[in-house]
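Peer 1: Everything below, folded, please.
(one chain, ligands or ions: 2)
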Amino acid sequence: MAISVRRLAPTFAAEIEGIDLNHLSPPDLRTVKDAWLAHKVLVFHDQNLDEDGLVNFAQQLGEIEIHLRQSRTTGRREVMLVSNKTEDGKPIGRLGNQELNWHMDQIFMAEPTAGTILYAVEVTPEGGHTWFCDLGAAYDTLPADLRDQVDGHQAVHSASTADRRVGIQLSEAQRQRAPEVIHPLVRTHPLSGEKALYFSLNHTARIDGRSEEDSLPVFEQLREHATRQQHVYEHHWRVGDLVLWDNATTMHRRDPFPNHHARLMRRVGFNFPVDRRVPF
Ligand SMILES: O=C(O)CCC(=O)C(=O)O
Ligand SMILES: [Fe+2]
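Peer 2: Ligands and ions are numbered 1, 2, ... in the order given. Predicted structure coming up:
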C-alpha cells in the first residue's frame, strides 16, 4: 500500500496511512522519522500493537526512557498504562479521568524525553480528546512584548511543581531523582534547528530570577497565545490509533471524561541521541 501523509492542522500534525508499525521496513522507518521532524505530531490509525510491538517500535526511534513516575510491576516496564481502570479496587494505570492541563512530558528532567508515543487500546465515547499546540509557530508569531520576556531568559522546572499544581504525589525517592532544573524559555530543536517556546503549565515553577507570582501571568499569556486555534490540533481517539509527538516543540493537554467509561492507553517515551540531548 502506498504511504500517504496528510496535514491535520495549519502548521503541524499529520496523519500517515499505509504503514504497519509492527513491520517497519527501513524506508518506512525513514519516512516516519522524517515526518516526525517535519510535522511534530504524527497520527497512525488501525495499528495492532501488543506491549512488545510498542516497545519495539519506540526503540527504533530512540533510547527508551522509563518515566519517573513509573511504578508498574506487571508487563513491560517500558510501557506506562494511562488509564482510569481499576482491578481489585486499585488503579491499573496513571492519570485517571481528570483533565490534564497544557504540558510537555518530563520537562522537569535535566535531559527531557524527546518523544512520547500513546496507543489507544480502549477509548471513551465522550471526552478524553488530546489536544496539541505548535510551540514553534507560537514562538514565530509572538508579539514583541512577550518575545522580550522569553528571549535570552531561562525557566525553572520541577516535578514537585506538578505535585502542587495538579495534586499528584511523588515518592521521596522519585523526588530525589528530580531536583529543580533550568532550561531556556526558547528551545532550539536538536535535530530540526527550529526555535520554540519551552514551558509547561504543570511543571514550570518560575522564570529564573523572578518570583512564581510574577512568572505565572507571563506563562498564562504565553499559553493564551500558543493555544490559539491556528496553533492547535485536537485528536479524537479511535481504538488502534497511535499518536507520536515531539516534546521539544509541542505541548499537549487532555479533556476529562466520565469515569464510568473505561479508557486505556499504552505509553512509551524515548530520547534523542545522547550527544543531542543538551545543551538546548
Ligand atoms: O491521556 C492522554 O490523552 C494524554 C496523557 C498524557 O499527557 C501523557 O501520556 O503524557
Ligand atoms: Fe503528557
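Peer 1: Run through the residues of this protein sitting next to ligand 1.
Peer 2: 82, 95, 100, 105, 116, 118, 130, 252, 254, 265, 267 (CB under 6 Å from any ligand atom). The way it works is simple: take the backbone N, C-alpha and C, and place the C-beta from them, glycine included.
Peer 1: mind redoing it with 5 Å?
Peer 2: 82, 105, 130, 254, 267 (CB under 5 Å from any ligand atom).
Peer 1: So which of these is the closest to residue 34?
Peer 2: For the residues of the chain next to ligand 1, the residue nearest residue 34 by CB to CB is residue 105; the value is 22.1 Å.
Peer 1: for the stretch 151-280 of the chain, which spans come out with low pLDDT?
Peer 2: For the stretch 151-280 of the chain, no stretch is flagged by pLDDT under 70.
Peer 1: switch to 80 and redo it
Peer 2: Scanning the stretch 151-280 of the chain for pLDDT under 80 picks out 167-170, 175.
Peer 1: What segments of the stretch 151-280 of the chain are helices?
Peer 2: 159-166, 172-177, 212-226 (DSSP state H, counting those that start in this stretch).
Peer 1: Which positions in the longest one come out as buried?
Peer 2: By neighbour count on 16 or more other CB atoms under 10 Å, the buried set for helix 212-226 is 215-216, 218-219, 222-223, 225-226.
Peer 1: Give me the neighbour count for the residue in the stretch 51-200 of the chain positioned nearest to ligand 1.
Peer 2: Using CB to the nearest ligand atom, residue 130 is the residue of the stretch 51-200 of the chain that sits closest to ligand 1, at 3.7 Å. Close neighbours of residue 130, defined as other CB atoms under 10 Å, add up to 21.
Peer 1: ok, it - contacts?
Peer 2: 118, 234-235, 237, 243, 252-255 (CB atoms under 8 Å, 6 or more residues apart in numbering).
Peer 1: ok, now residue 217?
Peer 2: Residue 217 neighbours (CB under 8 Å, 6+ apart): none.
Peer 1: any idea how far residue 260 is from it?
Peer 2: For residue 217, the distance to residue 260 equals 38 Å [CB to CB, to the nearest Å].
Peer 1: Test my guess that residue 157 contacts residue 179.
Peer 2: No: judged on CB atoms under 8 Å, residue 157 makes no contact with residue 179 at a distance of 10.3 Å.
Peer 1: Those two: which is more packed in?
Peer 2: residue 157 (28 against 11).
Peer 1: First-to-last residue distance for stretch 13-26?
Peer 2: End-to-end distance of stretch 13-26: 22 Å, with CA to CA, to the nearest Å as the criterion.
Peer 1: in it, what counts as buried?
Peer 2: Result for stretch 13-26 [16+ other CB under 10 Å]: buried residues 13-16, 19, 21, 24.
Peer 1: and which of the residues you listed is nearest ligand 1?
Peer 2: For these, the nearest to ligand 1 is residue 13 (14.5 Å; CB to the nearest ligand atom).
Peer 1: okay, that closest one: pLDDT?
Peer 2: Predicted confidence (pLDDT) for residue 13: 98.
Peer 1: any idea how far the spatially closest residue to residue 249 that is not a sequence neighbour is from residue 6?
Peer 2: Among residues not flanking residue 249 along the chain, residue 196 sits closest, at 4.1 Å (CB to CB, 6 or more residues apart in numbering). Remark: distance between residue 196 and residue 6 (CB to CB) = 23 Å.
Peer 1: do residue 252 as well
Peer 2: Distance from residue 252 to residue 6, by CB to CB: 20 Å.
Peer 1: ok, now residue 32?
Peer 2: Residue 32 is 15 Å from residue 6, by CB to CB.
Peer 1: Which of these two has more residues huddled nearby?
Peer 2: More neighbours surround residue 32 than the other of residue 32 and residue 6, with 21 against 11 (other CB under 10 Å).
Peer 1: how about whichever strand or helix holds the more buried one: buried residues?
Peer 2: Secondary structure assignment for residue 32, by DSSP states H and E: helix 26-39. Of the residues in helix 26-39, 28, 31-32, 35-36, 39 count as buried by neighbour count, 16+ other CB under 10 Å.
Peer 1: Throw those residues into JSON lines and include pLDDT, thanks.
Peer 2: JSON lines is the format used below for the buried residues of helix 26-39 (pLDDT from 0 to 100):
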{"residue": "28", "pLDDT": "96"}
{"residue": "31", "pLDDT": "96"}
{"residue": "32", "pLDDT": "97"}
{"residue": "35", "pLDDT": "98"}
{"residue": "36", "pLDDT": "98"}
{"residue": "39", "pLDDT": "98"}
